[in-house]
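**Student:** 3D model of this:
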Amino acid sequence: MKIAIVGCGYVADFYVNNIRSHPDFVIQGVFDRNLQRRDRFCQYYSLNSYPSLEAVVEDSEVEMVLNLTNPDSHFEVSAAVLKSKKHLYTEKPLGMDISQTQALLELAQTNQVRIGCAPCSVLSDTAQTVWKAIVEGVIGKVRLVYANYDDGMIAPRMKPWLWKSESGAPWPAQDEFEVGCTYEHAGYFLTWLAAFFGPARKVTAFSSCQLSDKGIPVKEMAPDFSVGCIEYDDGVVAKVTTGLVAPRDKSLTVIGDDGVIFVRFLRNDREPVFIRKYPSKGNQNLIERGLNLAQSKLQFLGNYLPIPVDNWLLYQQYPMFKGKDFAMAASRKPVDFFRGPQDMKDSIEKNQPHRLSGELGLHIFELIEALQYPERFNYQRVISSEFHPIKPLF
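**Tutor:** From the prediction side, this is the model:
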């Protein structure tokens, strides 16, 4: 399938690196409104360039366009692609307000083309393994989920605006701070929860801006912390946090009647999945008690030997679902950004629904808006959007 890329910023490098694992795709050309950035990107990766967005949508050989622009440009670019009757795969979020997202779905339906929306990590080996464990009842009925995407105090201390991609694109700090970490990052766990438990029904949330000065000028600073409780069918409740202040924590904990599923780091497509059953076995219980007793004694030396205060709990690694091998997006980014476009292509050829649908993108947007701006909904929002059940890979 011939594709075009619009947007040559920081994330575009990851997609181009991942395409090596997806020989079904050929990049016909790329465009960026920053022509200097476009030319540097094309030179670095030996790609053809388009002179304008109009040239992209008028290229009859292109079947799918990847919209990798900044969030404020998502609607304009996506609408142009859909009007040209090309399939669209866009970076998150689908739009910047609910009317934009709904308009894009209507355009896709009118022009009989498809929308896919990042993130695609729900298609990863790790997400599928967690899902499989839930379906197989390894921890019994699920009651609670704790999902976190805290990035640590990256600004202003780490000066992320100085970070560069492989081809030299700067990390979009201003966009990240103005759009907000919840809009940018909550989708990583919200898509997992949507796959596992179906559509959310209600969100109760709080958000705030804890760091009004992050080291660079912005037009308006979005909240850099959000926390919410999301209610799903069958009594499942998820507590979710997203932020740029608390220590780095991108973990997922699923609590059931018979045990716990734990993933330490959501941004590794092959992160191990661990299980802890209730009650712990005899030997395991003795080991845990011994470790905790030793730790308690060492606390006496706290001023000289700082150690964690959490209790020791032993987990067993769950057998990993093995999907397709992939080339990493970057040396420190063990993810495959092209799983989403690949699933769209395969589904189009088989004439079946693709997993990261526009309806799912709309649903995720409704959730992130409720989490980042809860005051718009008196801190509690009843979710109205639905989507077709997502089919697992296992």
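
**Student:** A329 versus the nearest residue to R264 once chain neighbours are set aside, what's the distance?
**Tutor:** What sits nearest to R264 in space, not counting adjacent residues and going by CB to CB, 6 or more residues apart in numbering, is S251, at 5.5 Å. Where you see a C-beta, it was placed from the backbone N, CA and C, and this is true even at glycine. Going from S251 to A329 by CB to CB, to the nearest Å gives 21 Å.

**Student:** same drill for these two, tell me which one is more crowded.
**Tutor:** The neighbour comparison of S251 against A329 (other CB atoms under 10 Å) goes to A329, with 21 against 17.

**Student:** quick check: the more buried one touching R20?
**Tutor:** No: using CB atoms under 8 Å, A329 is not in contact with R20; the gap is 10.4 Å.

**Student:** so which helix or strand takes in A327?
**Tutor:** For A327, there is no host helix or strand (DSSP states H and E).

**Student:** dump the residue contacts of it.
**Tutor:** 17-18, 20-21, 336 (CB atoms under 8 Å, 6 or more residues apart in numbering).

**Student:** now the strands: where do they sit in the stretch 201-350 of the chain?
**Tutor:** Taking DSSP state E, counting those that start in this stretch, the strands of the stretch 201-350 of the chain run over residues 225-232, 237-243, 252-256, 259-263, 273-277, 316-317.

**Student:** quick one: contacts of the fourth one?
**Tutor:** Residues from elsewhere that reach strand 259-263, judged by CB under 8 Å, 6+ apart: 126, 130, 133-134, 138-140, 251-254, 271-278, 315, 318.

**Student:** any idea how far F321 is from A133?
**Tutor:** Look at F321 and A133: by CB to CB, they are 9 Å apart.

**Student:** among the contacts of A327, who's most crowded?
**Tutor:** D336 (29 neighbours).

**Student:** surely that one touches D269?
**Tutor:** Yes: counting by CB under 8 Å, D269 is a contact partner of D336 at 5.8 Å.

**Student:** now do the shared contacts for these two.
**Tutor:** Shared contacts of D336 and D269, counting by CB under 8 Å, 6+ apart, come down to 124, 326.

**Student:** need phi/psi at P353.
**Tutor:** phi -60, psi 140 (degrees, to the nearest 10).

**Student:** now do the contacts for it.
**Tutor:** 347, 388, 391.

**Student:** now L123
**Tutor:** Under the contact definition (CB under 8 Å, 6+ apart), the residues listed for L123 are 323, 339-340, 343, 355-356, 393.

**Student:** now S52
**Tutor:** By CB under 8 Å, 6+ apart, the residues touching S52 are F31.

**Student:** follow-up on the earlier one: among the contacts of L123, who's most crowded?
**Tutor:** Ranked by neighbours (other CB under 10 Å), the contacts of L123 are led by L356, which has 29 neighbours.

**Student:** ok, that one touching L94?
**Tutor:** No: between L356 and L94 there is no contact under CB under 8 Å: 10.3 Å.

**Student:** identify the contacts common to these two.
**Tutor:** Common neighbours of L356 and L94 (CB under 8 Å, 6+ apart) are C117.

**Student:** mind giving me the ChimeraX select for the contacts of strand 259-263, buried ones only?
**Tutor:** The buried residues among those can be selected in ChimeraX (16 or more other CB atoms under 10 Å) with this line:
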select :126,130,133,134,138,139,251,252,253,254,271,273,274,275,276,277,315,318
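
**Student:** which residue packs closest to P51, ignoring adjacent ones?
**Tutor:** Looking at P51 with CB to CB, 6+ apart, the closest residue is F31, at 7.7 Å.

**Student:** what's the pLDDT at that neighbour?
**Tutor:** At F31, the model reports a pLDDT of 98.

**Student:** and for the one 4 residues further on?
**Tutor:** What the model reports as pLDDT for L35 is 98.

**Student:** likewise L314?
**Tutor:** 80.

**Student:** same deal with the one 3 residues further on?
**Tutor:** In the predicted model, Q317 carries a pLDDT score of 96.

**Student:** and R248, by the same measure?
**Tutor:** Reported pLDDT for R248: 96.

**Student:** what's the spacing between it and T242?
**Tutor:** 12 Å.

**Student:** same thing with S99?
**Tutor:** From S99 to T242 the distance is 24 Å (CB to CB).

**Student:** the two - which one has more neighbours?
**Tutor:** T242 (32 against 10).

**Student:** list the residues that contact that one.
**Tutor:** Taking CB under 8 Å, 6+ apart as the test, what T242 contacts is 148-150, 181-182, 185-186, 225-226, 371.

**Student:** neighbour-wise, which one of these leads?
**Tutor:** T182 (31 neighbours).

**Student:** CA atoms only for stretch 268-275 - export them in PDB, please.
**Tutor:** Coordinates of each C-alpha in stretch 268-275 appear next as PDB, following Å, rounded to 0.1, in the frame of the first residue of the first chain:
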ATOM      1  CA  ASN A 268       7.300  -1.200  26.100                       C
ATOM      2  CA  ASP A 269       5.500  -3.300  23.600                       C
ATOM      3  CA  ARG A 270       7.000  -6.400  25.200                       C
ATOM      4  CA  GLU A 271       7.100  -5.500  28.800                       C
ATOM      5  CA  PRO A 272       6.700  -8.500  31.100                       C
ATOM      6  CA  VAL A 273       3.200  -9.100  32.600                       C
ATOM      7  CA  PHE A 274       3.200 -10.400  36.200                       C
ATOM      8  CA  ILE A 275       0.500 -12.200  38.200                       C
END
